[in-house]
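*Asks:* Below: sequence and its predicted model.
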Amino acid sequence: MLETFKNLFRIPELRKKIFFTMGIIFIYRLGGHIPTPGIDPEVLGDFLEQSSNSLFGLYDMFVGGAFRRVTVFACGIMPYISASIIIQLLGTVFPYFHKLQREGGEGKKKITQYTRYGTVLIAVIQSLSIGIWLQSIQSPVTGLHAVHESLSGLKFIILTIISLTTGTIIIMWLGEQITSKGIGNGISLIIMIGIVAQIPGSIMSEVQQIIAGTRHPLMELMILVVVIGMTAFIVLMTQAMRKIPIQTPKKVINNKMYAGQNTVLPLRLNMAGVIPIIFASSIMTLPGMIGNFFPESLAMEDISRLFAPGGILYSLMYALLIIFFTYFYTAIIFNPVDIADNLKRSGGFIPGIRPGKKTAEFLDNVLTRITLPGSVFLAFISIAPFLLMGTMKIDFYFGGTSVLIVVGVALDTLQQLESHLQMRNYEGFLKKGRLRGRRF
């Protein structure tokens, strides 16, 4: 393993990509500590300590702690995720967007452009909501407002919109730079870094509770066992796959006979990865965000309470959205008709299945069957943290969702690193027999 790490820096191109990615991550973490102008951090801290709304903790997990500190990166990358959801949903309704999705490079550029416009619009709406919410905050200890009087009112809201929207645009640009010039998927990597950055603080909080006597060491051991077991289970399910055998016939090229090959088409149990959870989480924050527009409304307060993380309605809606987006995103990234056509053109076939339409139907049926347990798995590990918080009184969000994001993004990044190493005949991280995917 140590030799593999050394090999990473022996390749000039790969070394440049790694250092570039690390530099972008440093800039992102630095921006996450620049406060929004006009905020009194002590008043905000008093309010959040007394608040029981676990939506803060859930959203704060995705933005790397920037929401709790109300920094210029408080909106995080979530407006970009929401805009991506909307654009992809439009592709299933409007022919124009569906045509763009199938046009290749040019269509992708157009979709990216529309996604950026949508990101700015959603960031403006979200930052407006945060600005209104901040002006309603009062310290339960001193009675002071979180917003300085010199900047209260319309002036503060405009300043908040400019600051947070600009922060979201910068994060979006940083993520795109990692994807194009660095290692890994930039947007996913930014979310993962935000989660990992909170782990040391969460560990220290648990240690302090043990020292103070508010948390029994045996209970802490149980929590550790649950987290390790869940991590192992997530890795297992992430790598689980159904292997479809593919045969190619013999070929004659330049009067030479070439034997046919036996290969497999791997269909992962969790083909959609962490995207359904991110999509569903983005949508489930909307009721709380809309409620911030009406801080004095009792009806909106009731709606926000119904959709608070950990509630029955929230858990049910969250699970259903995850299952829906798992099927939806899987259908986008894997088209059985296209796969069947490609196999037919290359002369390949699935043993016992006729090429063409029958092959497409077979692949669609297999994909539908294995996506169901995959979607239920995603829903379960997303709701599990709230169950743990309720039964074990855990006050941090390093549960199923965060572990899945970290594991999924880490494996994807490792696979990209390994591909660079193997291109230059170096041994990679994922040796044969380890993390290669398990048959389901």
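*Replies:* Received the coordinates, thanks.

*Asks:* contacts and neighbour counts: CA atoms only from here.
*Replies:* OK.

*Asks:* Let me see the ranges of the strands in this structure.
*Replies:* 240-247, 251-253, 256-258, 262-268, 438-439 (DSSP state E).

*Asks:* lowest-confidence stretch among those strands?
*Replies:* Among the strands of the chain, strand 438-439 carries the lowest mean pLDDT, a mean of 48.

*Asks:* ok now stretch 316-325, how far from the chain's centre?
*Replies:* Relative to its chain's centre, stretch 316-325 lies at 15 Å (CA atoms, centre = their mean, to the nearest Å).

*Asks:* Buried residues in that stretch, which are they?
*Replies:* Tyr318, Ala319, Leu320, Leu321, Ile322, Ile323, Phe325 (16 or more other CA atoms under 10 Å).

*Asks:* quick one, what contacts the nearest residue to the fourth one once chain neighbours are set aside?
*Replies:* If I follow you right, that is Leu321. The shortest distance from Leu321 to any residue other than its chain neighbours is 5.5 Å, reached at Ala280 (CA to CA, 6 or more residues apart in numbering). For Ala280, the contact set (CA atoms under 8 Å, 6 or more residues apart in numbering) comprises Tyr318, Leu321, Ile322, Phe325.

*Asks:* at 7 Å instead, please
*Replies:* Counting by CA atoms under 7 Å, 6 or more residues apart in numbering, Ala280 touches Tyr318, Leu321, Ile322.

*Asks:* just those now: which is nearest Asp364?
*Replies:* Nearest to Asp364 out of the contacts of Ala280 is Ile322 (CA to CA; 19.9 Å).

*Asks:* Filter the contacts of Ala280 down to just the ones in helices.
*Replies:* Tyr318, Leu321, Ile322 (DSSP state H).

*Asks:* how far away is Met230 from Arg345?
*Replies:* 43 Å (CA to CA, to the nearest Å).

*Asks:* In stretch 233-240, which residues are buried?
*Replies:* Applying 16+ other CA under 10 Å to stretch 233-240 flags Ile234, Val235, Met237, Thr238, Gln239, Ala240 as buried.

*Asks:* these two touch, right, the fourth one and Asn270?
*Replies:* Read that as Thr238. Yes: using CA atoms under 7 Å, Thr238 makes contact with Asn270 at a distance of 5.9 Å.

*Asks:* how far away is the residue sitting nearest the centre point of the chain from Val227?
*Replies:* Centroid-nearest residue in the chain, with CA atoms, centre = their mean: Ile278, separated by 4.5 Å. According to CA to CA, Ile278 stands 20 Å off from Val227.

*Asks:* For the stretch 301-440 of the chain, which residues score under the pLDDT cut-off?
*Replies:* 301, 303-304, 307-310, 387-401, 424-440 (pLDDT under 70).

*Asks:* do that again at 80, thanks
*Replies:* 301-312, 314, 332, 346, 384-405, 408, 411, 415, 418-440 (pLDDT under 80).

*Asks:* give me the number of residues near Lys6?
*Replies:* 10 (other CA atoms under 10 Å).

*Asks:* wait, I meant Trp133
*Replies:* Count around Trp133 with other CA under 10 Å applied: 18.

*Asks:* and Thr119, what does it touch?
*Replies:* Thr119 is in contact with Pro79, Tyr80, Ala83, counting by CA under 7 Å, 6+ apart.

*Asks:* Next, count neighbours for Gly229.
*Replies:* Counted with other CA under 10 Å, residues neighbouring Gly229 total 12.

*Asks:* What distance do you get for it to Ile333?
*Replies:* Distance from Gly229 to Ile333, by CA to CA: 30 Å.

*Asks:* Also Val235?
*Replies:* For Val235, the distance to Ile333 equals 21 Å [CA to CA].

*Asks:* same thing with Thr326?
*Replies:* From Thr326 across to Ile333, the span is 11 Å (CA to CA).

*Asks:* neighbour-wise, which of those two wins?
*Replies:* For Thr326 versus Ile333, neighbours defined as other CA under 10 Å are more numerous around Thr326 (28 against 10).

*Asks:* Tell me if I'm right that that one and Ile278 touch.
*Replies:* No: using CA under 7 Å, Thr326 makes no contact with Ile278, being 10.8 Å away.

*Asks:* So the protein: which segments form each domain?
*Replies:* What automatic domain parsing lists as the domains of the chain is 1-195, 198-440.

*Asks:* highest average neighbour count across these?
*Replies:* domain 1-195 (a mean of 18; mean count of other CA atoms under 10 Å).

*Asks:* How confident is the prediction for Lys16, by pLDDT?
*Replies:* Here, the pLDDT recorded for Lys16 equals 89.

*Asks:* And for Met61?
*Replies:* On pLDDT, Met61 comes in at 70.
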